[in-house]
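Student: show me the folded form of this:
(one chain, ligands or ions: 1)
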Amino acid sequence: MSYLRSWFPLDTATPRSRSNVASTMPGSFIEEEDDGSDTAGEDDVPPAFPAPNSAQRAARPMSKSSEANGSKIPTILNDTSLMLPPPIPNLASRQPGVPRTTTQFASSSLLSPMGTTEKPKKPSRKVALAPGFGPLDWASLKSSGEDLRGVETLLRIPPSVLKTHNRREDAWTAINGKVYNMTPYLPYHPGGEKELMRVAGRDGTKLFSLTHAWVNVDFMLDACLVGFLVSESSA
Ligand code: HEM
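Tutor: Here you go, the predicted structure:
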């Protein structure tokens with residue numbers, strides 16, 4: 001009991017009756033000193049929650065009726081005092097290709113992601129490749145062992161030599177210092193032959209990286225490497 005008294009500021013000087021204690025703290029497990037009398041069965045009251053004198057109990061508002069009769073029974077949170085449910089998303093307002101507003105997003109996470117309805121920023125400039133000239137066909141041609149270079153060994157190529165390889169049947173270009181034979185790749189190029197031919201016989205590094213810097217030319221045209229671009233003087 002002395003242990004419990006240190007928790008609760010009870011007036012220990014004037015001993016209270018059990019009924020006094022019970023009226024201030026309903027459901028309290030506090031009891032008087034064991035006076036030896038038989039109290040079996042009276043201890044079965046569950047402990048009060050929130051605990052008497054706890055911060056939670058102090059913070060919660062008392063109901064009007066409980067304030068009136070002086071008892072400290074906290075108001076029970078009922079359905080009307082709960083937060084309102086989120087608004088139901090208006091699915092009918094969705095338009096293909098029209099991005100949704102932020103409120104439409106906030107209302108549901110089950111809608112399809114925005115990327116699927118958004119218009120592409122720029123129209124694709126890819127061309128329709130002839131059947132049998134897709135990326136996988138190019139990959140299998142590269143690994144077939146067929147000669148796609150047209151040279152015996154890798155060469156040192158000055159701009160004056162590069163310039164002479166500017167026809168569809170013999171189209172070379174230099175990208176990042178490496179010279180490639182583009183001719184076998186022409187029908188496989190997703191941007192079309194015409195675009196590729198713009199860099200035939202010259203250094204195509206700038207145009208290449210302006211168009212699609214993400215394309216791995218080292219890998220795409222590894223089987224077409226003919227040599228390295230060098231200055232006229234060092235050729
Ligand atoms: C010489 C090496 C080149 C290689 C290996 C190459 C490869 C490719 C590849 C793989 C794509 C598809 C890109 C993608 O799916 O995102 C592509 C697209 C394209 N390429 Fe090239 N390319 C080369 C040079 C050029 C050059 C010099 C031009 C000239 C402007 C060009 C113009 C284009 C265009 C317009 C597209 C379509 C882009 C689009 O709208 O999606 N390419 N190229």
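Student: contacts only, for Glu193.
Tutor: Going by C-beta atoms under 8 Å, 6 or more residues apart in numbering, Glu193 touches Arg168, Leu186, Pro187. No exception for glycine: its C-beta is placed from N, CA and C like everyone else's.
Student: most neighbours out of those, which is it?
Tutor: The residue in these with the most neighbours, by other C-beta atoms under 10 Å, is Leu186 (17 neighbours).
Student: you'd agree that residue is up against Arg168?
Tutor: Yes: counting by C-beta atoms under 8 Å, Leu186 does reach Arg168; the two are 6.6 Å apart.
Student: quick check: neighbours shared by these two?
Tutor: Residues within reach of Leu186 and of Arg168 at once, by C-beta under 8 Å, 6+ apart, are Glu193, Met197.
Student: of the contacts of Glu193, which is the nearest to the ligand?
Tutor: Checking the contacts of Glu193 against the ligand with C-beta to the nearest ligand atom, the nearest one is Leu186 at 9.7 Å.
Student: quick check, the residue in this protein closest to the ligand?
Tutor: For the chain, C-beta to the nearest ligand atom, closest residue to the ligand: Gly191, 2.4 Å.
Student: for that residue, what are its contacts?
Tutor: Gly191 makes contact with Arg125, Lys126, Val127, Thr211, His212 under the criterion C-beta under 8 Å, 6+ apart.
Student: what does stretch 155-162 contact?
Tutor: 172-174, 179, 201-203, 226-232, 234-235.
Student: out of the contacts of Gly191, grab the one that's most surrounded.
Tutor: Neighbour counts for those peak at Thr211, which has 15 neighbours (criterion: other C-beta under 10 Å).
Student: hang on, that residue in a helix?
Tutor: Yes: if the criterion is DSSP: H, G, I helix; E, B strand; the rest coil, then Thr211 is within a helix.
Student: near the ligand, which residues of the protein?
Tutor: For the chain, the residues in contact with the ligand (C-beta under 6 Å from any ligand atom) are 124-126, 173, 175, 182, 189-191, 195-196, 198-199, 204, 207-208, 211-212, 215, 217, 220-221.
Student: if we go to 8 Å?
Tutor: Residues of the chain lying near the ligand by C-beta under 8 Å from any ligand atom: 122-127, 135, 173, 175, 180, 182, 185, 189-192, 195-196, 198-199, 204, 207-208, 210-212, 214-215, 217, 220-221.
Student: of those residues, grab the buried ones for ChimeraX.
Tutor: Buried residues among the residues of the chain next to the ligand (16 or more other C-beta atoms under 10 Å), as a ChimeraX selection:
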select :173,175,180,182,185,189,190,196,199,204,208,217,220,221
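Student: among the residues of the chain next to the ligand, which ones are in strands?
Tutor: Mapping these onto strands (DSSP state E) picks out Thr173, Ile175, Tyr180.
Student: and the last one, what are its bridge partners?
Tutor: It refers to Tyr180. Beta-bridge partners of Tyr180, counted by DSSP bridges, are Thr173, Leu225.
Student: and it, what is it in contact with?
Tutor: Contacts for Tyr180 (C-beta under 8 Å, 6+ apart) come out as Trp172, Thr173, Ala174, Val217, Leu221, Cys224, Leu225, Val226.
Student: circling back to that earlier point, from the contacts of Glu193, which single one is nearest Pro46?
Tutor: Of all the contacts of Glu193, Pro46 sits closest to Pro187, with 83.7 Å by C-beta to C-beta.
Student: can you report phi and psi for the closest one?
Tutor: Dihedral pair for Pro187: phi -70, psi -10, per degrees, to the nearest 10.
Student: what about the closest residue to it other than its chain neighbours, neighbour count?
Tutor: Spatially, and ignoring its direct neighbours in sequence, Pro187 is nearest to Phe133 (4.8 Å; C-beta to C-beta, 6 or more residues apart in numbering). Neighbour count of Phe133, defined by other C-beta under 10 Å: 16.
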